[in-house]
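Novice: have a look at this prediction, sequence included:
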Amino acid sequence: MKGPWLVEVVLGLSLSIVGFTIAWQAEELEPSPLFGVRVGYAVSSKRVWTRVNRLMGLLLGIGGLAVVPVGLLWGLAAEVMALALLALASTIAAIEYSRRLAEIESLREPPKASPAEAVAPLGAAARVLVASSLAASVAAAIYASVLLAGEGIGEAGVALWVLVGMDAYLSYLALLRPEAYSLPWLGEYYRVMAVLIPVSLSLDTIAVSLIVVGATRLGLGLLALSTGLVALAAAVSLRRYSARSRGQAGAAAGI
């Protein structure tokens, strides 16, 4: 065994407890900017929301247990790498599962529009920005991997390409399936989210690439910028959600 085994055990078990709790409470959770699988497909109905969050919780719960032996046998770095792979796989699985359930729901209730029907594609400038940031992140990852080739790609290289995979998937959603970013409380602001989220992940990928090759200060600066974009996206979502909640409360009170 390598490293402080208690850290490896606590890390995996903590994730497992959170995951199983989400699965257990999935039916009680309501769509919000803070908890659950927050994509347009998942909020198409309460039934879809519950089933998707139950799946996500089970994936995280089982995955959390599965990475503990990885950490005990190969160390904390290997466990973190396994968690990164788990995050990528569970995110894709949950979003694709929610899309399939939303399609089934729209067939079950034909009068209700499916999530894709009311969502327009991003504008040309937004699409160019998302595609360009993805291309830059892939180029940075390739450059870093070439420099690492002599030493072996290692955990840092694997984590870097996990980031690239997540970036590519979220950029694909923004470019071809923007309804994934369309939440009821966002309205037309889904376009902002569909740009901020993949671009921030592209910046993360470029930042990690720079740190890996030794350009630490520039990499940390890009990480700070990415964090700012994520905070902006969260603020937009929370503000819109709060405004919608106040509007619904006022309508219910007859104001």
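Specialist: Looks like it came in fine.
Novice: just the pLDDT for the residue positioned nearest the centre of the chain.
Specialist: The structure's the chain has its C-alpha centroid closest to residue 91; by CA atoms, centre = their mean the separation is 6.1 Å. Per-residue confidence (pLDDT) for residue 91: 93.
Novice: same check on the one 3 residues further on?
Specialist: According to the predicted model, the pLDDT of residue 94 comes to 94.
Novice: ok, it - contacts?
Specialist: Neighbour list for residue 94: 37, 42, 52, 55, 56, 59 [criterion: CB atoms under 8 Å, 6 or more residues apart in numbering]. Glycine gets a C-beta too; all of them are placed from N, C-alpha and C.
Novice: and if you look at residue 21?
Specialist: Contacts of residue 21 (CB under 8 Å, 6+ apart): residue 57.
Novice: that one: which element?
Specialist: helix 5-24 (DSSP states H and E).
Novice: one step back: ok, of the contacts of residue 94, which one's closest to residue 218?
Specialist: Residue 218 lies nearest to residue 37 out of the contacts of residue 94, by CB to CB, at 33.9 Å.
Novice: correct me, but residue 178 touches residue 191?
Specialist: Yes - between residue 178 and residue 191 there is a contact at 7.4 Å, judged by CB atoms under 8 Å.
Novice: what touches both of those two?
Specialist: By CB under 8 Å, 6+ apart, the residues touching both residue 178 and residue 191 are residue 122.
Novice: which one's more surrounded, these two?
Specialist: Counting neighbours by other CB atoms under 10 Å for residue 178 and for residue 191 shows that residue 178 has the greater number, 23 against 20.
Novice: could you find the closest non-adjacent residue to the more buried one?
Specialist: residue 194 (5.0 Å; CB to CB, 6 or more residues apart in numbering).
Novice: can you pull the contacts of that neighbour?
Specialist: Contacts of residue 194 (CB under 8 Å, 6+ apart): 122, 126, 130, 173, 174, 178, 181.
Novice: the closest residue to the last one other than its chain neighbours: what secondary structure?
Specialist: Once its chain neighbours are removed from consideration, residue 181 has its nearest residue in residue 194; the separation is 4.1 Å (CB to CB, 6+ apart). Look at residue 194: counting by DSSP: H, G, I helix; E, B strand; the rest coil, its state is helix.
Novice: quick check: the gap between residue 194 and residue 34.
Specialist: Separation of residue 194 from residue 34 (CB to CB, to the nearest Å): 20 Å.
Novice: also residue 139?
Specialist: Distance of residue 139 to residue 34, given as CB to CB: 35 Å.
Novice: run a quick neighbour tally on residue 14.
Specialist: If you count neighbours by other CB under 10 Å, residue 14 ends up with 11.
Novice: okay, it: pLDDT?
Specialist: 93.
Novice: show me what contacts the closest residue to it other than its chain neighbours?
Specialist: Nearest non-adjacent residue to residue 14, counting by CB to CB, 6+ apart: residue 64, 7.2 Å away. Residues near residue 64 by CB under 8 Å, 6+ apart: 12, 13, 14, 15, 16, 17, 18, 19.
Novice: the fifth one: how many residues sit nearby?
Specialist: The burial count assigned to residue 16 is 19, neighbours taken as other CB under 10 Å.
Novice: one more: the second one?
Specialist: Burial measure for residue 13: 14 neighbouring residues, criterion other CB under 10 Å.
Novice: list the contacts of it.
Specialist: Counted by CB under 8 Å, 6+ apart, residue 13 has contacts 64, 65, 68.
Novice: ok, these vs residue 149, which is closest?
Specialist: Nearest to residue 149 among the contacts of residue 13, with distances taken as CB to CB, is residue 68, at 31.4 Å.
Novice: show me the shaky parts of this structure.
Specialist: Scanning the chain for pLDDT under 70 picks out the ranges 1-4, 108-118, 150-153, 249-255.
Novice: walk me through the domains of it.
Specialist: 1-117, 119-255 (automatic domain parsing).
Novice: what sits up against stretch 228-245?
Specialist: 32-34, 38, 183-187, 189, 192-193, 196-197, 199-200, 203.
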